[in-house]
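Participant: Need a 3D model of the sequence below.
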Amino acid sequence: MGYVFLVAVLVTGGVILFAVSHSRRENRLVPRPTLAGARRTLQQSRHVVVSGDQCVCGGILGLSGRVSDKFGPLIGCTGCTRFWTASGHRIRTRPVRRPSPPGAPVGQSSPVGQTPPDEPPGF
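Facilitator: Down below sits the predicted model:
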């Protein structure tokens with residue numbers, strides 16, 4: 001009877017040790033990708049185009065005759081100003097930020113096409 005009890009205690013202890021080691025292995029911390037790497041992965045174009053495809057604006061894509069220093073020959077759209085590389089990847093451009101005029105709140109750029117008045121309003 002004592003041997004059965006001893007075997008049961010040893011088996012229970014082995015199962016507990018296995019469960020603890022397994023849960024530690026499954027819940028250990030692993031290195032995460034950097035935010036820049038994650039952003040780069042999300043920004044990669046999943047849609048590759050070729051000459052003759054249709055653009056989202058309805059135009060037809062074809063060689064534009066323009067050559068970029070960075071990307072080489074470009075494919076352009078006949079209906080809009082979008083461009084793709086010759087390998088079919090979209091070229092994303094960022095809008096140019098205009099400097100804010102003196103006295104403007106921080107974070108606001110100058111309105112396009114408007115010049116600041118010479119005199120303050122009310123004079």
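Participant: and the gap between V96 and S68?
Facilitator: With distances defined as C-beta to C-beta, to the nearest Å, the gap from V96 to S68 amounts to 17 Å. For glycine as for every other residue, the C-beta is placed from the backbone atoms N, C-alpha and C.
Participant: between these two, who's got more neighbours?
Facilitator: A direct count of neighbours by other C-beta atoms under 10 Å for V96 and S68 places S68 higher, at 12 against 6.
Participant: so how far is P33 from that one?
Facilitator: When C-beta to C-beta is the yardstick, S68 and P33 sit 30 Å from each other.
Participant: mind listing the helices for this protein?
Facilitator: Using DSSP state H, the helices found in the chain span residues 2-26, 35-43.
Participant: Now the last one - C-alpha only, CSV.
Facilitator: Written as CSV, here are the backbone C-alpha positions of helix 35-43 (Å, rounded to 0.1, in the frame of the first residue of the first chain):
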residue,chain,number,x,y,z
LEU,A,35,7.9,50.3,-34.5
ALA,A,36,9.9,51.4,-37.6
GLY,A,37,10.1,47.8,-38.8
ALA,A,38,6.4,47.3,-38.2
ARG,A,39,5.5,50.5,-40.0
ARG,A,40,7.7,49.6,-42.9
THR,A,41,6.0,46.2,-43.2
LEU,A,42,2.5,47.8,-43.1
GLN,A,43,3.5,50.4,-45.8
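Participant: Now do it: which elements does it pack against?
Facilitator: Judged by 3 or more C-beta pairs under 8 Å, 6 or more residues apart in numbering; DSSP states H and E, helix 35-43 is in contact with no other helix or strand.
Participant: now what about it, what contacts it?
Facilitator: For helix 35-43, contacts defined as C-beta atoms under 8 Å, 6 or more residues apart in numbering pick out P33, R92.
Participant: one more time with 6 Å, if that's ok
Facilitator: In this structure, no residues lie in contact with helix 35-43 by C-beta atoms under 6 Å, 6 or more residues apart in numbering.
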